[in-house]
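Undergrad: Return atomic coordinates for the entry below.
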Amino acid sequence: MKRTTKFYRKNEEEVMKSLGLKPTKNSGSGWIEKEDGQNDFIICQLKSTDAQSIKVNQKDIRMLEKNALVSHKLPLFAIQFLNTGEIWLMAKPVDFVNISEYIKTGEVIKPSIYDVLIDDTEEEEENIQKKKIKSSENARNSFNEERKRKYEKTRSAK
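TA: Numbers count the residues shown, from 1 in each chain. As a prediction, this is how the structure comes out:
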């Protein structure tokens with residue numbers, strides 16, 4: 001028998017609370033809150049199944065990673081097998097140190113790799129000077145003449 005949406009929403013809320021995360025409204029389909037649950041340090045996506053196996057798409061992982069970058073949080077992917085009640089967690093190896101530290105103490109001391117990446121790109125953007133394109137009257141006139149000739153060629157089909 002197929003489970004209802006009401007069941008999955010309630011189950012998602014229970015799993016997120018058991019992981020110490022606040023469940024998001026409508027599974028993160030809104031504009032502000034994304035993914036299925038989050039707190040100050042972690043953002044989590046949950047996939048549940050009644051089957052013996054589950055398919056994890058790279059697209060889902062990349063979307064979780066993108067939302068983690070935007071919100072400056074650690075991405076965590078949770079998989080739940082409903083027939084056994086088991087919950088498995090997936091994360092990148094570089095994030096395990098911070099995630100395990102959070103589970104032990106409730107805080108993250110080291111900055112995540114995502115914060116470092118964002119800081120590096122901001123510094124690079126400051127160092128890059130934008131190129132200025134100079135325009136002259138002659139260049140503008142020749143461009144307009146060329147367009148005019150091209151337009152007349154296509155118009156000559158009358």
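Undergrad: does the most centrally placed residue in the chain sit in a helix or strand, and which one?
TA: Nearest to the geometric centre of the chain sits Lys66, at 2.1 Å (C-alpha atoms, centre = their mean). For Lys66, the element it lies in under DSSP states H and E is helix 58-71.
Undergrad: In the protein, where is pLDDT below threshold?
TA: For the chain, the stretches with pLDDT under 70 are 1, 26-32, 108-134, 153-158.
Undergrad: run the last query once more with 90
TA: Applying pLDDT under 90 to the chain flags the ranges 1-43, 48-51, 68-74, 82-85, 89, 92-158.
Undergrad: What segments of it are helices?
TA: 5-18, 58-71, 93-105, 113-127, 137-155 (DSSP state H).
Undergrad: Now find how far off-centre the shortest one is within its chain.
TA: In this case it means helix 93-105. 20 Å (C-alpha atoms, centre = their mean, to the nearest Å).
Undergrad: Please apply the same query to the longest one.
TA: A distance of 45 Å separates the centroid of the chain from that of helix 137-155, by C-alpha atoms, centre = their mean.
Undergrad: same check, this time on stretch 51-59
TA: 18 Å.
Undergrad: Distance of the residue nearest to the centre of the chain relative to Glu152?
TA: Lys66 is 49 Å from Glu152, where distance means C-beta to C-beta, to the nearest Å. Every residue, glycine included, has its C-beta placed from N, CA and C.
Undergrad: Lys92 now?
TA: From Lys92 across to Glu152, the span is 59 Å (C-beta to C-beta).
Undergrad: Which residue of these two possesses the greater neighbour count?
TA: Per other C-beta atoms under 10 Å, whichever of Lys92 and Glu152 has more neighbours is Lys92, with 14 against 9.
Undergrad: Nice, that's everything, thank you.
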